[in-house]
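Colleague: sequence first, predicted coordinates after that:
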Amino acid sequence: MTKKFIAPCLIILTGIGWLLNTLEVLSSVDWLWTLALAGAGIAPFFWLGLDRFTFIVGLFLIGCSTCSLLRQVGKIDANLEVPILVILFGFLSLLAEVLPLKKSGLFAGENQSTERSEQK
């Protein structure tokens with residue numbers, strides 16, 4: 001999937017969430033919010049490719065969407081959602097270090113300035 005399809009897909013996902021809310025499919029669920037989180041989790045993979053940053057951020061946002069859905073349908077309590085997400089973030093950070101994922105190009109400038117100051 002190329003980058004030119006991302007915006008239309010996100011618009012479709014927004015429309016689906018809006019329609020599910022309007023039709024009151026699982027009326028206790030805010031579909032717009034839940035699908036927006038999932039879409040925000042999927043988008044980095046298509047925009048930036050798979051690297052350590054997109055692995056952590058993308059899967060974390062998908063996890064946020066899943067936890068939000070589970071909370072809204074009463075499968076988990078609200079007071080469990082945040083600790084679960086903190087554990088998920090730590091687990092994804094650990095996995096990103098262990099798996100052979102390339103380093104993110106987003107912070108390349110930051111690493112270069114740090115290396116220069118260490119050389120002095």
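Modeller: Structure received.
Colleague: going forward, measure contacts and count neighbours with C-alpha atoms only.
Modeller: Noted.
Colleague: lowest-confidence helix or strand of this structure?
Modeller: helix 108-119 (a mean of 52; mean pLDDT, DSSP states H and E).
Colleague: flag the shaky bits of the chain, pLDDT-wise.
Modeller: Within the chain, the stretches with pLDDT under 70 are 1-3, 106-120.
Colleague: what about 90?
Modeller: 1-40, 42-50, 53-54, 73, 78, 101-120 (pLDDT under 90).
Colleague: any idea which helix or strand carries the closest residue to F60 other than its chain neighbours?
Modeller: Once flanking residues are discounted, F60 sits nearest to F89: 6.3 Å by Cα to Cα, 6 or more residues apart in numbering. Using DSSP states H and E, F89 sits in helix 78-98.
Colleague: picking up where we left off before, what number of residues lie near the residue nearest to F60?
Modeller: Residues lying near F89 (other Cα atoms under 10 Å) number 18.
Colleague: that one contacts F55, correct?
Modeller: No - with contacts counted by Cα atoms under 8 Å, F89 stays clear of F55, the gap being 10.7 Å.
Colleague: still on that earlier bit, how distant is the helix holding F89 from the center of its chain?
Modeller: Offset of helix 78-98 from its chain centre (Cα atoms, centre = their mean, to the nearest Å): 12 Å.
Colleague: and for that helix, what are the contacting residues?
Modeller: Residues from elsewhere that reach helix 78-98, judged by Cα atoms under 8 Å, 6 or more residues apart in numbering: 52, 55-56, 59-60, 63-64, 67-68, 71.
Colleague: redo that, cut-off 6 Å
Modeller: 52, 56 (Cα atoms under 6 Å, 6 or more residues apart in numbering).
Colleague: report the buried residues of that helix.
Modeller: 85, 88-89, 92-93, 96 (16 or more other Cα atoms under 10 Å).
Colleague: could those go into a markdown table alongside distance to F5?
Modeller: A markdown table is the format used below for the buried residues of helix 78-98 (distance: Cα to Cα, whole Å):
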| residue | distance to F5 |
| --- | --- |
| L85 | 30 |
| L88 | 29 |
| F89 | 28 |
| L92 | 27 |
| S93 | 29 |
| A96 | 27 |
